[in-house]
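> no sequence for this one, just the structure:
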């Protein structure tokens with residue numbers, strides 16, 4: 001079995017990144033972290049990734065801009081957009097329109113996010129036999 005490429009978690013909330021890291025590592029994933037979209041874009045443009053979990057509302061370079069920039073740069077890594085702000089539904093819909101592959105509100109249980117992660121990773125991995 002080939003080693004998995006890392007999952008990149010881009011979020012300005014350090015505690016949320018730590019929670020995701022804990023749960024993803026418990027499932028056997030390697031996790032990289034970025035605290036804003038600019039740092040996330042830099043990492044994504046430098047190495048192959050399994051998945052990008054991208055917060056939509058962040059200071060400086062936010063997630064909608066980062067999603068658009070990743071796609072314009074030809075980076076096809078799957079993106080899971082997340083948001084916990086009041087207008088999360090609208091922002092998440094915009095993220096999908098800009099190229100994100102899936103969306104989950106931060107207020108949803110972490111188990112729901114992990115299920116979406118596994119679906120996206122399996123879909124992106126030709127070794128699993130998934131279409």
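Noted; the coordinates are in hand. Everything numeric here is computed off the predicted structure, so don't read it as measured data. Numbers count the residues shown, from 1 in each chain.
> Every contact and neighbour count from this point should use C-alpha atoms.
Fine.
> got the contact list for the residue positioned nearest the centre of the chain?
Taking C-alpha atoms, centre = their mean, the centroid of the chain lies closest to residue 53, which sits 1.3 Å from it. Counting by C-alpha atoms under 8 Å, 6 or more residues apart in numbering, residue 53 makes contact with 7, 8, 9, 10, 79, 80, 81, 82.
> where does it land on pLDDT?
Listed pLDDT for residue 53 reads 98.
> and after the helix or strand harbouring it, which helix or strand comes next?
Following DSSP states H and E, one finds residue 53 within strand 51-55. Using DSSP H and E, the helix or strand that follows strand 51-55 towards the C-terminus is helix 63-72.
> tell me which strands and helices that next one is in contact with?
helix 37-46, helix 88-97 (3 or more C-alpha pairs under 8 Å, 6 or more residues apart in numbering; DSSP states H and E).
> Mind checking these for the one nearest to residue 104?
helix 88-97 (7.6 Å; C-alpha to C-alpha).
> ok, and for that closest one, which residues are buried?
For helix 88-97, the neighbour count (16 or more other C-alpha atoms under 10 Å) marks 88, 89, 91, 92, 95, 96 as buried.
> got the helices and strands packed on helix 63-72 as JSON lines, with distance to residue 23 columns?
Formatted as JSON lines, the helices and strands packed on helix 63-72 follow (distance: least, C-alpha to C-alpha, whole Å):
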{"stretch": "helix 37-46", "distance to residue 23": "20"}
{"stretch": "helix 88-97", "distance to residue 23": "22"}
